[in-house]
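# this one's structure only:
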């Protein structure tokens, strides 16, 4: 069953250079992430409308073939290296949810 990795930015960017480096690293690994993990971006900081509760400042939704592939991607050395930059650049929440 498909699985979705959801990242929500929970506050403002505090280190733009770190965020730029994070984006660059992800772009440089994009082909491998698609081939090795089946990663499919569904939403990347698109227009956001909060309908209930307090909304995040931005959302990224990634689809994977299954939760094991999503975990393998998240825990991969390549992503973990770039994740340190994301964590330095802004406060985020990361969630993994299985689909139907």
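Done, it's in. Owing to the predicted nature of the structure, the values given are computational and were not obtained by experimental measurement. Numbers count the residues shown, from 1 in each chain.

# which residues of this structure fall in strands?
For the chain, the strands defined by DSSP state E occupy 3-9, 40-44, 58-64, 92-98.

# residue 74: which of the ones you listed is closest?
Closest to residue 74 of the strands of the chain is strand 3-9 (C-beta to C-beta; 6.6 Å). To be clear about C-beta, it is placed using only N, CA and C from the backbone, and glycine gets the same treatment.

# circling back to that earlier point, what would the strands of the chain look like in JSON lines with mean neighbour count and mean pLDDT?
Listed next are the strands of the chain as JSON lines, based on neighbours: other C-beta atoms under 10 Å; pLDDT from 0 to 100:
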{"stretch": "strand 3-9", "mean neighbour count": "18", "mean pLDDT": "98"}
{"stretch": "strand 40-44", "mean neighbour count": "13", "mean pLDDT": "97"}
{"stretch": "strand 58-64", "mean neighbour count": "19", "mean pLDDT": "98"}
{"stretch": "strand 92-98", "mean neighbour count": "13", "mean pLDDT": "98"}
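
# can the ones you listed go into TSV with extra columns for distance to residue 16?
Shown next, in TSV, are those (distance: least, C-beta to C-beta, whole Å):
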stretch	distance to residue 16
strand 3-9	13
strand 40-44	17
strand 58-64	14
strand 92-98	15
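
# out of these, which comes closest to residue 71?
For residue 71, the closest of the strands of the chain is strand 92-98, at 7.0 Å, according to C-beta to C-beta.
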